[in-house]
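Trainee: Sequence plus the predicted model coming up.
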Amino acid sequence: MPTTTSPSMLIAIAAILGILALAAGGSAFLALVHARILRFVFRSVIALVLFVAASVLALISLGVQGMRALTHEETAARIRLVPTAPQRYEATVSFVDGRVERYSLAGDQIYIDGHIVKWTPLANMLGLQTSYRLDRISGRYRALAQENTAPRTVYALGTPAIVDLVALGSRLPLADFFDAEYGSATYVPVEGPGELELRVTTSGLILRPLPSPIEVPKT
């Protein structure tokens, strides 16, 4: 069973760097008081570098909140489908954390998407592993005309990320930590009552039908 990505090591490192930044800043202030300008500039630069490093690590730890670690193929959820009318069905989603949600969907297919984040080996050493977050579930129509005009049913599967890692990576030099982030989606037709298993791998999401239980004839 997957476990929540733990940012505890990153938080600890960020806290240590923050303390060092404060110490360097205090030392720089004392140097300024004693009119030692070169020492003040040098210690101020060190304090700034430590503060930036602590801030980046803290932001990364916030960015992985709510994501789940992924070391191999994992079950993300089980879905029970019950048609209620033509192109209408109920989807009961049982998540691996024990949460159960029900969605009323419209369409011929069930569609789920999410995000997968990969980290470099250096980030792996800090405790960050490939992780994922489920984003949305919706109904999908086979016919393009219906997809454009028929009622749409789209629901959020998770909470928004506290920090957008993609936006953060584009603004800060995170090449040594951040490898790739990409979206993944999967959909299958809904042809009657049944159960599906949502699997997540390092390459994307997969919906697989579960075999129907064999009914034992009553004697």
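Mentor: Received the coordinates, thanks.
Trainee: just for the chain, where's the confidence low?
Mentor: 1-11, 56-72, 120-130, 159-181, 212-219 (pLDDT under 70).
Trainee: again, only this time at 50
Mentor: 1-6, 66, 162, 214-217, 219 (pLDDT under 50).
Trainee: now the strands for it?
Mentor: Using DSSP state E, the strands of the chain run over residues 68-69, 74-85, 88-95, 100-106, 109-119, 131-140, 154-156, 178-189, 194-201, 204-209.
Trainee: count of residues packed around the closest residue in space to T92 that isn't next to it in sequence?
Mentor: Excluding its sequence neighbours, the residue lying closest to T92 (C-beta to C-beta, 6 or more residues apart in numbering) is R80, at 4.4 Å. C-betas here are computed from N, CA, C, even on glycine. R80 is flanked by 16 other residues according to other C-beta atoms under 10 Å.
Trainee: can you check D113 too?
Mentor: Residues within reach of D113, counting by other C-beta under 10 Å, total 17.
Trainee: wait, it sits on S184?
Mentor: Yes - if you go by C-beta atoms under 8 Å, D113 and S184 touch, sitting 6.6 Å apart.
Trainee: any shared contact partners between these two?
Mentor: L205 (C-beta atoms under 8 Å, 6 or more residues apart in numbering).
Trainee: R43 contacts A23, correct?
Mentor: No - between R43 and A23 there is no contact under C-beta under 8 Å: 9.5 Å.
Trainee: still on that earlier bit, show me the one of the strands of the chain that comes nearest A54.
Mentor: A54 lies closest to strand 178-189 among these, at 17.4 Å (C-beta to C-beta).
Trainee: Distance of V117 relative to Y132?
Mentor: 7 Å (C-beta to C-beta, to the nearest Å).
Trainee: Please apply the same query to A31.
Mentor: Distance, A31 to Y132, using C-beta to C-beta: 48 Å.
Trainee: Mind checking which of these two has more residues around it?
Mentor: Shown here are A31 and Y132; by other C-beta under 10 Å, Y132 has more neighbours (24 against 18).
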